[in-house]
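Q: Following is a predicted model, sequence given first.
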Amino acid sequence: MRRLLLLPVVILIAACGTLLSSQLDSLYGPADPTRFDVPMAPSADLSYLQTIQPILNQRCVVCHACYDAPCQLKTTSWDGLARGANKTTVYDASRLLAADPSRLYIDAQKPSEWRQRAFFPVLNEHMSTPEANRAVGLIHRMLVLKQQHPWPSEESKNNTLDISADRVNMCPADFEMAAYERKQPLAGMPFGLPGLSAEEHRKMTAWLEQGAPYEGQPALPTSVITRVKLWENFLNGDSLKEQLFARYAYEHLFLAHLYFGEDKQRHYFKLVRSATPPGQPIKIISTARPVDDPKISRVYYRLTEERETIVAKTHMPYRLDAKRMARWRSLFFEVPYQVDKLPGYSEETAANPFATFAQLPVGARYRFMLDEAEFTIMGFIKGPVCRGQVALNVIQDQFWVTFLAPSDSYDKDVDALLQQSAELARLPTGSRTTGLLAPWLAYGKLENEYLKARSALLAKSIKKPADVSLNLIWDGDGNNDNAALTVFRHFDNASVVKGFVGDTPKTAWVIGYPLLERIHYLLVANYDVYGNVGHQLASRLYMDYLRAEGESTFLMLLPKAQRITTRDDWYRGDSQSVREQVYGGPASTLDVDSGIRYVSDNPKKELLELMRKRLAPVISTTLDWTKQTPAALQAPLKSLAASKGIALQWLPETALLVVETPDGKARSYSLMRNTAHASVSHLLGERKELVPAEDTLTLTPGINFSYPNAFYRVSAAELPAMVSALQGLRSENDYAAFSKRWAVRRDNQDFWTFSDTLHKRYFTEQALEAGILDYNRLEFR
């Protein structure tokens, strides 16, 4: 009955839309979806790349980039603007049916093709006149709306705009814009932030009036083209061994921003599958995931230039140079083994990388991932699963990561384990999983059987306490700073950095090859952001098992008498079965005490410090703020870094602190609140697991996350007062007063000046990892 009552409304809306659309046609001629299929060249005095894209980067890309761009509008390139917007949300944890992928440059190429996929234009596609380009183009109307209705002052009672992170996006199409302007006058662009300056607005308007011209990408330097050819030839050898290695490399590097060590301008490239060989134009094979069937007899692996602005939340730089090529040759080509047949692309194959790549040496695969372990872990931090509270509540807010030392004996043991139980280690896959409970129970049974085999193998190789030593931990071969990592969770996003950063954490992971490979294939290679709720939940629930494996290996290094006590502290209130899972499952047979000599009454903390000492020759200290801070700031920052307890619950998860010093310089610091949990084994009800009295704060120099929740600005002289105020927070009102005094909020008239200076310092001081930050998570309180 309700649907029948709503039917006339739907018909009326459709009729109004048709009427308004016909009015636009009568005024400006019919829309031509192919108008931007071939961009118009700009006049001699106007360059899109030099004039317009920098404005977009500074004012628009901070919200409109990647999968979580509002309305799927990407302002990271001209092609993103020409593609337009879409009302469908990519991140949708409740989707019953898998969605069709909508990846820029992959799933369609021309704007007219995107029009067939429910994308509507934000540039004028009617006749090209200055008047039409202003009146019809949604971008221009959004910019004008902001100029007419600027962000209200803090004292204004007219600030009714919803800027919460979980708000429903408003995505008005052409004929809906007039109603949007009436109902949401404060919702012009940039959304929830100050408007463009007069000069920026003038430049954008002039460009739009001319029909949004674009000169195209500049040609690559000859030296870079030479490097592309060199690497494409290397990755497309004809032997079965070369083809299998190339597939392995692609399935691990498809998210990377590849760059050549010799390229001082640092052009970035993406590794893609193509139907065409090197020397021919790239024809991308557009499957949902890199493991999916390409449906052609021969796949070629090609390097395509990254055409979008680099944003921090997806930036994963990976260096290609002569040393890298030599390393891969030594691992995969200069050792004796045979590849007799290439694996296929079935669902079973995608779910089981151990079977797929069984012919490649286990040791070579492990070292391939270990060499750039930060990048490997970063895959599930910045990859398709990177955003969402449900996706990330499987991990603690701060923990340290180390790796089992590779060796001939380790390779032999792992190879034996995988030959015996590769089928047991297969992963949930398929973007259209329809069941929930049944698959979960089935994979739980497989995991328990796998843990039995793993425990039995450990019992064979670890027979006495002397076998349980710090020598089990990879020392980076004496020169690799990927040996020690720290992972931070920031509610619905996360970050990973090199080194042991912050205070000794509650938990730590020790990862070996099978676990590292399974994490990658579960959350990166096999994960489909467009998949349905069954697929997303299966991936999240299975990650509980993988976290437990990493934690259980760390527990093995503790004194036998302390293992269960430590585990139970990590999983307070959980059932016996959940806690047994962490300890290697109910069938765990490892009963050997640790051979590490402990002298304190806190062996967990002592073990973490012993790991730090073992890895000292290679451990990265670039995020040790004490080494990069002038003496005058040491005392207040030391007090700030030591902040803990209930005061921190009022702080945002991530904040950027800018300290202005008397010498005229400014220094950026990242503040990360580590929210304590009684347990992270629960899919829902996270708030019930919070333990505010145990919250801690991590301080690092520079910018070490992608989604800042707040900006603070303070002079060196006022820093002690700010720290004291922070540590004295007891209510939301206290934080409001704190924010009013110290925060650079959304409504600050100097917001963009602050933002531009912050980004400039970021790209200067952290050139390799820097990208445009995302402001979708900026709070306003």
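A: Received, thanks.
Q: so where do the strands sit in the protein?
A: Taking DSSP state E as the criterion, the chain carries its strands at 257-260, 269-274, 300-305, 317-320, 398-403, 485-489, 494-498, 507-511, 654-660, 666-674, 696-701, 710-715.
Q: so which of those strands gets nearest residue 186?
A: Comparing the strands of the chain against residue 186 with Cβ to Cβ, the closest turns out to be strand 710-715 (21.1 Å). C-beta here means a position set from N, CA and C on the backbone, and glycine is covered the same way.
Q: and the closest one, which residues are buried?
A: By 16 or more other Cβ atoms under 10 Å, the buried positions in strand 710-715 come out as 710-714.
Q: what does that strand rub up against?
A: 652, 654-661, 671, 722, 739, 742-745, 754, 758, 778-779 (Cβ atoms under 8 Å, 6 or more residues apart in numbering).
Q: go on, stretch 31-41?
A: By Cβ under 8 Å, 6+ apart, the surrounding residues in contact with stretch 31-41 are 24-25, 78, 82, 110-112, 115, 121, 123, 125-126, 128, 211-216.
Q: For it, C-alpha coordinates in CSV please.
A: The C-alpha coordinates for stretch 31-41 follow below in CSV (Å, rounded to 0.1, in the frame of the first residue of the first chain):
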residue,chain,number,x,y,z
ALA,A,31,22.9,17.5,-24.5
ASP,A,32,25.7,15.8,-26.4
PRO,A,33,27.2,13.0,-24.3
THR,A,34,30.1,12.7,-26.6
ARG,A,35,31.1,16.4,-26.2
PHE,A,36,34.1,15.6,-23.9
ASP,A,37,35.1,12.4,-25.5
VAL,A,38,37.8,14.4,-27.2
PRO,A,39,38.9,17.4,-25.1
MET,A,40,39.1,20.8,-26.6
ALA,A,41,42.6,22.3,-26.7
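Q: Off-centre distance for that stretch?
A: Stretch 31-41 has its C-alpha centroid displaced from the chain centroid by 33 Å (Cα atoms, centre = their mean, to the nearest Å).
Q: now stretch 352-372
A: On Cα atoms, centre = their mean, the centre of stretch 352-372 falls 24 Å from the chain's centre.
Q: Which one of the strands of the chain lies nearest to residue 447?
A: strand 507-511 (16.3 Å).
Q: possible to save the buried residues of strand 710-715 as JSON lines with distance to residue 148 and pLDDT?
A: Below are the buried residues of strand 710-715 laid out as JSON lines (distance: Cβ to Cβ, whole Å; pLDDT from 0 to 100):
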{"residue": "710", "distance to residue 148": "28", "pLDDT": "98"}
{"residue": "711", "distance to residue 148": "27", "pLDDT": "98"}
{"residue": "712", "distance to residue 148": "31", "pLDDT": "98"}
{"residue": "713", "distance to residue 148": "29", "pLDDT": "98"}
{"residue": "714", "distance to residue 148": "35", "pLDDT": "98"}
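Q: Among these, which pair sits farthest apart?
A: 710 and 714 (12.6 Å).
Q: Could you tell me which residues make contact with residue 170?
A: Residue 170 touches 180, 184, 187, counting by Cβ under 8 Å, 6+ apart.
Q: ok, the second one touching residue 163?
A: No: here residue 184 lies out of contact with residue 163, judged by Cβ atoms under 8 Å, at a distance of 11.9 Å.
Q: so what's the residue nearest the centre of the chain up against?
A: Centroid-nearest residue in the chain, with Cα atoms, centre = their mean: residue 382, separated by 1.7 Å. The neighbourhood of residue 382, defined by Cβ under 8 Å, 6+ apart, consists of 255, 313-316, 706.
Q: measure residue 71 to residue 775 for me?
A: 16 Å (Cβ to Cβ, to the nearest Å).
Q: ugh, wrong one, I meant residue 187
A: The value you get for residue 187 to residue 775, if Cβ to Cβ is used, is 15 Å.
Q: Residue 227 too?
A: Using Cβ to Cβ, residue 227 is found at 35 Å from residue 775.
Q: before we move on, back to that, out of the buried residues of strand 710-715, which is nearest to residue 639?
A: Distances from residue 639 to the buried residues of strand 710-715, taken by Cβ to Cβ, are shortest for residue 714, at 13.6 Å.
Q: Who are the contact partners of the closest residue to residue 677 other than its chain neighbours?
A: Of all residues not flanking residue 677 in the chain, residue 689 sits nearest, at 4.6 Å (Cβ to Cβ, 6 or more residues apart in numbering). Residues near residue 689 by Cβ under 8 Å, 6+ apart: 677-680, 682.
Q: re the thing from before, out of the contacts of residue 170, list just those in helices.
A: Mapping the contacts of residue 170 onto helices (DSSP state H) picks out residue 180.
Q: Give me the below-cutoff pLDDT ranges for the stretch 501-650 of the chain.
A: Counting by pLDDT under 70, the stretch 501-650 of the chain contains low-confidence residues at 583-590.
Q: all helices for it, in order.
A: With DSSP state H, counting those that start in this stretch as the criterion, the stretch 501-650 of the chain has helices at 513-520, 533-556, 560-570, 576-582, 603-614, 631-641.
Q: among these, which is nearest residue 246?
A: Of the helices of the stretch 501-650 of the chain, nearest to residue 246 by Cβ to Cβ is helix 513-520, at 17.0 Å.
Q: Which elements pack onto the closest one?
A: Packing partners of helix 513-520 (3 or more Cβ pairs under 8 Å, 6 or more residues apart in numbering; DSSP states H and E): helix 353-356, helix 362-371, helix 373-382, helix 408-421, helix 533-556.
Q: Check the contacts of residue 382 and tell me the two furthest apart.
A: The two members of these with the most space between them (Cβ to Cβ) are 255 and 706, at 14.4 Å.
Q: These two: who's more crowded?
A: With neighbours defined as other Cβ atoms under 10 Å, residue 255 and residue 706 compare such that residue 706 has more, 25 against 19.
Q: For the closest residue to residue 344 other than its chain neighbours, which residues are in contact?
A: Closest residue to residue 344 apart from its sequence neighbours, by Cβ to Cβ, 6+ apart: residue 293 at 7.7 Å. For residue 293, the contact set (Cβ under 8 Å, 6+ apart) comprises 287, 344-346.
Q: List only buried entries from those residues.
A: Using 16+ other Cβ under 10 Å as the burial test, the contacts of residue 293 include 287, 345 as buried.
Q: related to what we said a few turns ago, need the buried ones from the contacts of stretch 31-41 selected in PyMOL.
A: Buried residues within the contacts of stretch 31-41, by 16+ other Cβ under 10 Å, are selected in PyMOL with:
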select buried, resi 24+78+82+110+111+112+115+121+123+125+126+128+211+212+213+214
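Q: Ramachandran coordinates for residue 312?
A: As for residue 312, its main-chain torsions (degrees, to the nearest 10) stand at phi -60, psi -40.
Q: which ones are touching it?
A: 703, 706, 769-774.
Q: What separation is there between it and residue 772?
A: Counting by Cβ to Cβ - residue 312 and residue 772 are separated by 6 Å.
Q: can I see the domain layout of this protein?
A: Listed by automatic domain parsing, the domain ranges of the chain are 28-209, 219-345, 381-621, 625-765.
Q: what's the first-to-last distance across the last one?
A: Between the opening and closing residues of domain 625-765 we find a distance of 14 Å, counting by Cα to Cα, to the nearest Å.
Q: State the pLDDT value of residue 442.
A: pLDDT recorded at residue 442 is 78.
Q: Run a quick neighbour tally on it.
A: By other Cβ under 10 Å, neighbour count at residue 442 equals 12.
Q: Alright, that wraps it up for me.
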